[in-house]
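**Student:** Prediction below, plus the sequence it came from.
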Amino acid sequence: MSETNATHAPRETDDVPVPATLRKSLKNRHIQLIALGGAIGTGLFYGSSESIALAGPSILLAYLIGGLVIFMIVRALSEMAVEDPKAGAFSYYATRYWSKRAGFISGWNYWFNYVLVAMVELAVVGSFVNYWFPNIPKWVSAAVFLVVIAALNLMGVSKFGEFEFWFAIIKIVAVIAMILGGLYVIIANVPTASGIRASFANWFTIDGGFMPHGLMSHNTDGTWTGLLMALVVVMFSFGGTELIGITAGETENPRVTIPKATNGIIWRILVFYILALGVIMAVVPWNKIDGNSSPFVQIFDSVGVHAAAGILNFVCLTAVMSVYNSGLYANSRMLYSLAKQGNAPAYLGKLTRRGVPAAGVITSAIIIAIAVVVVFAWPEFAFNYLMSIATIAAAINWTMIMITEIHFRRVVAAGNGPAELKGLKSKEALDKIAFKLPFARVMPYIVIAFMALVVVLMCFSASYRIAVVAGVIWLIVLFAAYELQKRFSHQAA
């Protein structure tokens, strides 16, 4: 629905009308940095050690492949967001163009996913605070950040966008500084702690070369390594990139801003993942990256700059705040959208005078707080089982986006598309789509097949296998919850 139509009543043909009463206050710079910051988190700063250990220098290929897949997923979402910018993107589109059941599952799956992600971020925030203030209990740090970020989200979407803008700037500056520092070490031939000269040739000459474990290798300890196994870790490190779609309903000019932010994903992945890790492995031999400290710290430690640990601790603290800030924003908009579809309690669909779904913010914050208590009380249960659901929930979400895009194009071709597409049919309608998914006839099926491959690969890893089992149970729970909700709503009617 275009902004000129936004104040009018929804059309009768809209299956799931969502009144455009949210404030369109997010500017181009906010969206660009939200998109960029969403792909840079503690997973890059610390988790990249695991992926490098699995694949060696060929991890760069894994990030390139995974990055292209994520780009196509966000392109599919953005195709719909440009034509029909609404809050709670995934859930709204699944309901409008697929089915109410799909919207229910998509929305609640994404909401619960971000509850669990925020749970982990708040649970570890105390570790970063304790770096400087070791006597502050971790639960105090978690409580303070939970309240502060919740209050920030209640101020309005422009405040969320502004804080997320500066959170992203901090992370970007840190990565660029590391890249420039590493390039200086390579060009100036600065001696390193390993005694091995820093060089991009190290990708091919150290301990097995570029692909030391091949596509897949079965080790003597029963574990699997290799390029394909690294794809699993890589894919989930991109979680949060799809936040672009959530912001569409509150963006000043989504037809311009969303395509710009989406198309920028490729170079961001090239710079902030591939170039960053490429420089790290040129300075620090990949087989010396052991996971005991961040690769970003190791690159400076290797040339005697030991202040890097403190700097990175600050960067990771802001990254944690950024993830929780984004999660609370996304969850409140998702609950708002679910309420408007009739898939969540009606009170969650109310807005404040500032255009904020305050009930969604407060409800999500309370549930996240309970989840954090679970982490502190039963850490093994939380990290083994709850995080398994969070892991597989991302795969479910990405797959549902691609299936929804297939349904979206079918609805558009049938003449029931949104806004300017309404009334147009077949090729004429599809050609009118402003921001098309490349190779749209086959791309959704390629991405779905790739996600199926990732799930199969997860079964080869003991740490991810439990996530596959949890995913099956989780989908059964969501299907059952929808049927119960439908039965109760019919009885109430």
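**Tutor:** Structure received.

**Student:** Count residues in the vicinity of the nearest residue to M458 once chain neighbours are set aside, would you?
**Tutor:** Closest residue to M458 apart from its sequence neighbours, by C-beta to C-beta, 6 or more residues apart in numbering: Y464 at 3.9 Å. Just so you know, the C-beta spots here come from the backbone N, C-alpha and C atoms, and that holds for glycine as well. Residues contacting Y464 under the criterion other C-beta atoms under 10 Å number 20.

**Student:** For Y464, give its distance to A150.
**Tutor:** 32 Å (C-beta to C-beta, to the nearest Å).

**Student:** Would you list the phi and psi of the closest residue to G181 other than its chain neighbours?
**Tutor:** Leaving aside its chain neighbours, G181 sits nearest to F300 (6.5 Å; criterion: C-beta to C-beta, 6+ apart). Per-residue torsions, F300: phi -80, psi -40 (degrees, to the nearest 10).

**Student:** do the same with P191
**Tutor:** Taking degrees, to the nearest 10 as the convention, P191 sits at phi -60, psi 140.

**Student:** what does T251 give?
**Tutor:** Torsion angles, degrees, to the nearest 10, at T251: phi -100, psi 140.

**Student:** what does H218 give?
**Tutor:** phi -100, psi 120.

**Student:** Help me confirm that it comes into contact with W224.
**Tutor:** Yes - if you go by C-beta atoms under 8 Å, H218 and W224 touch, sitting 5.8 Å apart.

**Student:** Neighbour count for those two, which is higher?
**Tutor:** Counted by other C-beta under 10 Å, H218 and W224 do not tie: W224 has more neighbours, with 17 against 12.

**Student:** Now for the more buried one: which residues touch it?
**Tutor:** W224 sits next to M216, S217, H218, F460, S461 when contact means C-beta atoms under 8 Å, 6 or more residues apart in numbering.

**Student:** What are the phi and psi values at it?
**Tutor:** Dihedral angles for W224 - degrees, to the nearest 10 - are phi -110, psi 140.

**Student:** Tell me the spacing between it and C459.
**Tutor:** 10 Å.

**Student:** Now for the contacts of W224: which two are most distant?
**Tutor:** S217 and S461 (13.0 Å; C-beta to C-beta).

**Student:** When these two are compared, which one has more neighbours?
**Tutor:** Neighbours were counted for S217 and for S461 using other C-beta under 10 Å; S461 has more, 18 against 15.

**Student:** Thought L231 was touching that one, still the case?
**Tutor:** No - if you go by C-beta under 8 Å, S461 and L231 don't touch, sitting 11.0 Å apart.

**Student:** buried set for the helix ranked longest in the chain?
**Tutor:** Longest helix in the chain, counting residues (DSSP state H): helix 308-341. If you call a residue buried by 16 or more other C-beta atoms under 10 Å, then helix 308-341 has these buried ones: 308-309, 311-313, 315-341.

**Student:** wait, what's in contact with Y445?
**Tutor:** Counted by C-beta under 8 Å, 6+ apart, Y445 has zero contacts.

**Student:** ditto for K350
**Tutor:** So K350 contacts P357, A358, A359 (C-beta under 8 Å, 6+ apart).

**Student:** Can you find the helix or strand in this structure with the smallest mean pLDDT?
**Tutor:** helix 42 (a mean of 68; mean pLDDT, DSSP states H and E).

**Student:** before we move on, back to that, how near is the residue nearest to G181 to G208?
**Tutor:** Distance from F300 to G208, by C-beta to C-beta: 26 Å.

**Student:** M72 now?
**Tutor:** 31 Å.

**Student:** of those two, who's got more company?
**Tutor:** Comparing M72 with G208 by other C-beta under 10 Å, the one with more neighbours is M72, at 24 against 15.

**Student:** What residues sit buried inside the host helix or strand of the more buried one?
**Tutor:** Assigned by DSSP states H and E, M72 falls within helix 59-83. Residues of helix 59-83 classed as buried by neighbour count (16+ other C-beta under 10 Å): 59-67, 69-83.

**Student:** which parts of the host helix or strand of the residue nearest to M458 are buried?
**Tutor:** Using DSSP H and E, Y464 sits within helix 462-492. Within helix 462-492, the residues scored as buried using 16+ other C-beta under 10 Å are Y464, I466, A467, V468, A470, G471, W474, L478, Y482, Q485.

**Student:** Stretch 267-283 now?
**Tutor:** So, applying 16+ other C-beta under 10 Å, buried residues of stretch 267-283: 268-269, 272-283.

**Student:** okay if I get these as TSV plus pLDDT, distance to I367 and secondary structure?
**Tutor:** What follows is the buried residues of stretch 267-283, written out as TSV (pLDDT from 0 to 100; distance: C-beta to C-beta, whole Å; DSSP: H, G, I helix; E, B strand; the rest coil):
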residue	pLDDT	distance to I367	secondary structure
R268	77	31	helix
I269	77	32	helix
F272	80	31	helix
Y273	84	32	helix
I274	90	36	helix
L275	91	38	helix
A276	89	34	helix
L277	91	35	helix
G278	93	40	helix
V279	92	40	helix
I280	89	37	helix
M281	92	40	helix
A282	92	44	helix
V283	89	43	helix
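
**Student:** where's the residue nearest to W474 when sequence neighbours are not counted relative to N109, distance?
**Tutor:** Excluding the flanking residues, the one nearest W474 by C-beta to C-beta, 6+ apart is I389, at 5.1 Å. For I389, the distance to N109 equals 9 Å [C-beta to C-beta].
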